[in-house]
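Novice: Structure, please.
(one chain, ligands or ions: 1)
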Amino acid sequence: MCVCELEAPKGENPFMLDRIVIESHADIQAIQAVCDYVYIDVKFQKDHTGAIPTRSTEARKQLSFARSFEQTAVTFQRVGNLIKTVLDDIRFGNQFNTEAVKQAVAECVDQVLEHPETMLLLTQLKDQDQYTAQHCMNVCILAILLGRELKYSVEDLNKIGFCGLMHDVGKMKVPLEILNKPGKLDKFELDIMRNHTVYGRNVLMSARGAFPGAVDVAHNHHEQLNGGGYPRGLDKSALSDFTKMVAVVDTYDAMTSDRVYQHGQPHLIALGTLVKGMSQRYEAHYVTHFINCIGFYPQGNAVELSSGEIGIVVEQNKADRLKPKILIVKDSQRNDIEPRLLDLAKPVVDPQGNRYAVKQVVRAKDYQLDLNEYYRDGLFVKDYAIVGA
Ligand SMILES: [Fe+2]
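Specialist: Numbering: from 1, shown residues only. Predicted coordinates:
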């Protein structure tokens, strides 16, 4: 069966996704997470039938992003260090270096334009201990990715990147015992926490050379289209495009990250939350484009395969978003194995003779998978044996 178009709730804002071939229950679950209705292409016929047998092979291939990984990771690390310095400057009341921030954002824009897949993967390396700095980095990169999807000019990508990087700087004026409190915040603490929006506006207003639109974003990124947000309860008509874009990617990254008080949600749950909030909280146009650019199985997500083996999504397939490349790292008994690269777009069969498919997206931690370990140990830049080659 082939899905040729997805329809958002209430019949508005159709998703602009490529054709999707449904081959497993997990494929249906992925689509159900983000929409209620689909259009089926009844004339579609698969261009290949049957499956080829899996055989052991010496064929090895680098992941396409691996070639650029080290250079991109260096940029990511450098900007991460810079944002930590900027946040420290703000916490201690010092003037931060606006030009250095702009230069860092420009490097992120260059890397996103050249290596979008690698930059997306790097946003999945969540570090709970450095949450605020990493969240700012991730929102910067995801906002640039969204702007790229919307075909923004390089100049505008630099502006949206700056807004994303600086959207939460006001949190540096929130006392650490509130910012890092493991339990639920009481009313008084919640008011202070919510005031990070006002603090952020003040910090950016007094920063010489800051992009003026970033003041708006820092102040309003928790407002909602229906006026139900904070700090002022503004509605859609008062919110800038950049504010509405940052609100979408900010919600996604916050939901999928581990915090001191909650485990991160799986990717599809976060997308489902954005879709449910379309038109009420989030601009539908930006939600659909964000889903279009991040896909159903973004790099860095752990999945269980139909064979019971566990793998990590390492590369997307733009032609068919339900058929990514997966690095299989555990066998069906959950034992570590020499990683092998599986391309789901190819009709490869598992050890039981069935065609490989994703069974479900799982939490990496539940399977003792640490993506940071793969990053630190250089495992993304290795050559891997290919399943079924
Ligand atoms: Fe915020």
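
Novice: next helix or strand past the longest strand anywhere in the chain?
Specialist: Of all segments of type strand in the chain, defined using DSSP state E, the longest is strand 336-343. Downstream of strand 336-343, the first helix or strand assigned by DSSP states H and E is strand 358-362.

Novice: what's the longest strand of the chain packed up against?
Specialist: Contacts defined by 3 or more C-beta pairs under 8 Å, 6 or more residues apart in numbering; DSSP states H and E place strand 336-343 against strand 325-330, strand 383-386. In this view, the C-beta of every residue, glycine as well, is placed from N, C-alpha and C.

Novice: Would you mind putting these into TSV with mean pLDDT, mean neighbour count and distance to residue 149 alongside?
Specialist: Putting those into TSV (pLDDT from 0 to 100; neighbours: other C-beta atoms under 10 Å; distance: least, C-beta to C-beta, whole Å) gives the following:
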stretch	mean pLDDT	mean neighbour count	distance to residue 149
strand 325-330	92	22	21
strand 383-386	81	17	29
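
Novice: Make TSV out of these and add distance to residue 179.
Specialist: Below are the helices and strands packed on strand 336-343 laid out as TSV (distance: least, C-beta to C-beta, whole Å):
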stretch	distance to residue 179
strand 325-330	35
strand 383-386	41
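
Novice: quick one, domains of this structure?
Specialist: The record's domain parsing of the chain by automatic domain parsing lists 53-65+299-389, 68-264.

Novice: Format these as JSON lines; extra columns: distance to residue 35.
Specialist: Formatted as JSON lines, these follow (distance: least, C-beta to C-beta, whole Å):
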{"stretch": "domain 53-65+299-389", "distance to residue 35": "13"}
{"stretch": "domain 68-264", "distance to residue 35": "16"}
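
Novice: rank the ones you listed by mean pLDDT and give me the bottom one.
Specialist: Lowest mean pLDDT within the domains of the chain: domain 53-65+299-389, a mean of 80.

Novice: What strand or helix carries the closest residue to residue 170 other than its chain neighbours?
Specialist: Nearest non-adjacent residue to residue 170, counting by C-beta to C-beta, 6 or more residues apart in numbering: residue 200, 2.9 Å away. Here residue 200, judged by DSSP H and E, is contained in helix 196-205.

Novice: can you list the residues that contact that helix?
Specialist: Helix 196-205 is contacted by residues 90, 166-174, 210, 214-215, 218-222, 230-231 when judged by C-beta atoms under 8 Å, 6 or more residues apart in numbering.

Novice: go again using 6 Å as the cut-off
Specialist: By C-beta atoms under 6 Å, 6 or more residues apart in numbering, the residues outside helix 196-205 that reach it are 90, 169-171, 173-174, 210, 214-215, 218-219, 222, 231.

Novice: now for whatever helix or strand comes next after that helix, which elements pack on it?
Specialist: Downstream of helix 196-205, the next assigned helix or strand under DSSP H and E is helix 213-220. If contacts are counted by 3 or more C-beta pairs under 6 Å, 6 or more residues apart in numbering; DSSP states H and E, helix 213-220 sits against helix 154-166, helix 196-205, helix 241-256.

Novice: Helix 213-220 vs helix 154-166, what angle?
Specialist: 40 degrees (axes from the mean of the first three to the mean of the last three C-alpha atoms, to 10 degrees).

Novice: For the protein, which segments are assigned as helices?
Specialist: When assigned using DSSP state H, the helices of the chain occupy the ranges 25-32, 66-91, 98-114, 116-122, 131-149, 154-166, 176-179, 187-194, 196-205, 213-220, 241-256, 267-276, 284-294, 371-376.

Novice: TSV for the ones you listed, including distance to residue 384 and mean neighbour count?
Specialist: Listed next are the helices of the chain as TSV, based on distance: least, C-beta to C-beta, whole Å; neighbours: other C-beta atoms under 10 Å:
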stretch	distance to residue 384	mean neighbour count
helix 25-32	23	18
helix 66-91	9	18
helix 98-114	23	19
helix 116-122	15	24
helix 131-149	25	24
helix 154-166	32	24
helix 176-179	41	13
helix 187-194	44	13
helix 196-205	43	21
helix 213-220	40	24
helix 241-256	26	23
helix 267-276	23	19
helix 284-294	24	22
helix 371-376	12	15
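
Novice: I'd like these written out as TSV, with distance to residue 322 added.
Specialist: Below are the helices of the chain laid out as TSV (distance: least, C-beta to C-beta, whole Å):
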stretch	distance to residue 322
helix 25-32	5
helix 66-91	23
helix 98-114	24
helix 116-122	17
helix 131-149	19
helix 154-166	28
helix 176-179	39
helix 187-194	39
helix 196-205	38
helix 213-220	33
helix 241-256	19
helix 267-276	12
helix 284-294	13
helix 371-376	21
